[in-house]
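Asks: Predicted model, plus sequence, below.
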Amino acid sequence: MSRAGLLLALMLAAGTASAQPADEAARRELAPTGALRAAINFGNAVLAQRGPGGQPGGVSVALATALARRLGVPLAIVPFEQAGLVSDALASGVWDICFLARDPVRGQQIAFTAPYVLIEGGYAVAAGSPFTTVDSVDTPGAAVAVVKGSAYDLHLSRALRHASLVRYGSNDEAAASVLSGAHPVLAGVKQPLAVLVQDHPELRLLPGRFMSIEQAIGAPRDRGEAGALFLQAFVAEAKASGLVARALADSNQPNAQVAP
């Protein structure tokens, strides 16, 4: 059977019954230690949150839980505070799957599924800033604060022609640099930026977006084809069944869009 035919068969099988078990090859590739070790980026509040007592929640956690159940293995959450740290940890082998934005750089070592959620990258600027649109930011001398290794850092490093990037280790550090006046522009996911602007009226959110961020499930490319095909089928079913939409609603993320 061809790769496309095998993927279609897996998708059809996954769609016929929510309890459809994984085959042994997929289980072995995705959970080689006997547990599914899922890297969860708690730095992106749209996708993952910590509730009372530190209880993990959000759409990424919901998908990881459902996937572990499908594989018939326990779930082990491997927490991270930013996306770049997830990518950096790949070589250490501490996680089996990750929930990251698709990007050509990451894709060299990580096999990604189709996206399950679409979010937007935007800019926050000082209330009196001369910048009025996302395109107007790309001017000589403009310094854009970003979180190192984030999807928007990777994208803007390719897209910006005149403005420069200043990289920080966390969202809080990047935001503080703009609030202090050190840099004129803060790049980030639009939902957290909107909350920041609401809390700090000295900032405003520029209309529009500079990128659509495609959030997907990834696995190390060297794990094999069976696991990657199983993940593709799982994501397709999770979107079609409403699992992704319910998880977004349950975690109060109405502005995130289920990927088509």
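Replies: Here it is on my side, so go on.
Asks: Which elements pack onto the longest helix along the chain?
Replies: Secondary structure of the chain per DSSP state H: the longest helix is helix 225-240. Helix 225-240 sits against helix 3-16, helix 24-30, helix 59-71, strand 211-220, with contacts defined as 3 or more Cβ pairs under 8 Å, 6 or more residues apart in numbering; DSSP states H and E. Every C-beta, even on glycine, is put in place using the N, C-alpha and C of the backbone.
Asks: Kindly recompute the last result at 6 Å.
Replies: On a contact count with 3 or more Cβ pairs under 6 Å, 6 or more residues apart in numbering; DSSP states H and E, helix 225-240 meets helix 3-16, helix 24-30, strand 211-220.
Asks: model confidence over the first one, on average?
Replies: Throughout helix 3-16, pLDDT has a mean value of 39.
Asks: same deal with stretch 117-133?
Replies: 95.
Asks: Check the offset of it from the chain's centre.
Replies: In terms of Cα atoms, centre = their mean, to the nearest Å, the centre of stretch 117-133 is set 19 Å apart from its chain centre.
Asks: Also stretch 61-78?
Replies: 17 Å.
Asks: hmm, who's touching that stretch?
Replies: 22, 27, 31, 35-40, 48, 56, 94-95, 234, 247 (Cβ atoms under 6 Å, 6 or more residues apart in numbering).
Asks: Now it - C-alpha only, PDB.
Replies: The C-alpha trace of stretch 61-78 is given here as PDB (Å, rounded to 0.1, in the frame of the first residue of the first chain):
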ATOM      1  CA  VAL A  61      -3.200  18.700  27.200                       C
ATOM      2  CA  ALA A  62      -6.600  17.500  26.000                       C
ATOM      3  CA  LEU A  63      -5.100  16.100  22.800                       C
ATOM      4  CA  ALA A  64      -2.100  14.500  24.600                       C
ATOM      5  CA  THR A  65      -4.500  12.800  27.000                       C
ATOM      6  CA  ALA A  66      -6.700  11.500  24.200                       C
ATOM      7  CA  LEU A  67      -3.700  10.300  22.200                       C
ATOM      8  CA  ALA A  68      -2.200   8.400  25.200                       C
ATOM      9  CA  ARG A  69      -5.600   6.800  25.700                       C
ATOM     10  CA  ARG A  70      -5.700   5.800  22.000                       C
ATOM     11  CA  LEU A  71      -2.200   4.300  22.200                       C
ATOM     12  CA  GLY A  72      -3.100   2.500  25.400                       C
ATOM     13  CA  VAL A  73      -0.200   3.900  27.400                       C
ATOM     14  CA  PRO A  74       0.000   6.300  30.400                       C
ATOM     15  CA  LEU A  75       0.600  10.000  29.700                       C
ATOM     16  CA  ALA A  76       3.700  11.800  31.100                       C
ATOM     17  CA  ILE A  77       3.600  15.600  30.600                       C
ATOM     18  CA  VAL A  78       7.100  17.100  30.100                       C
END
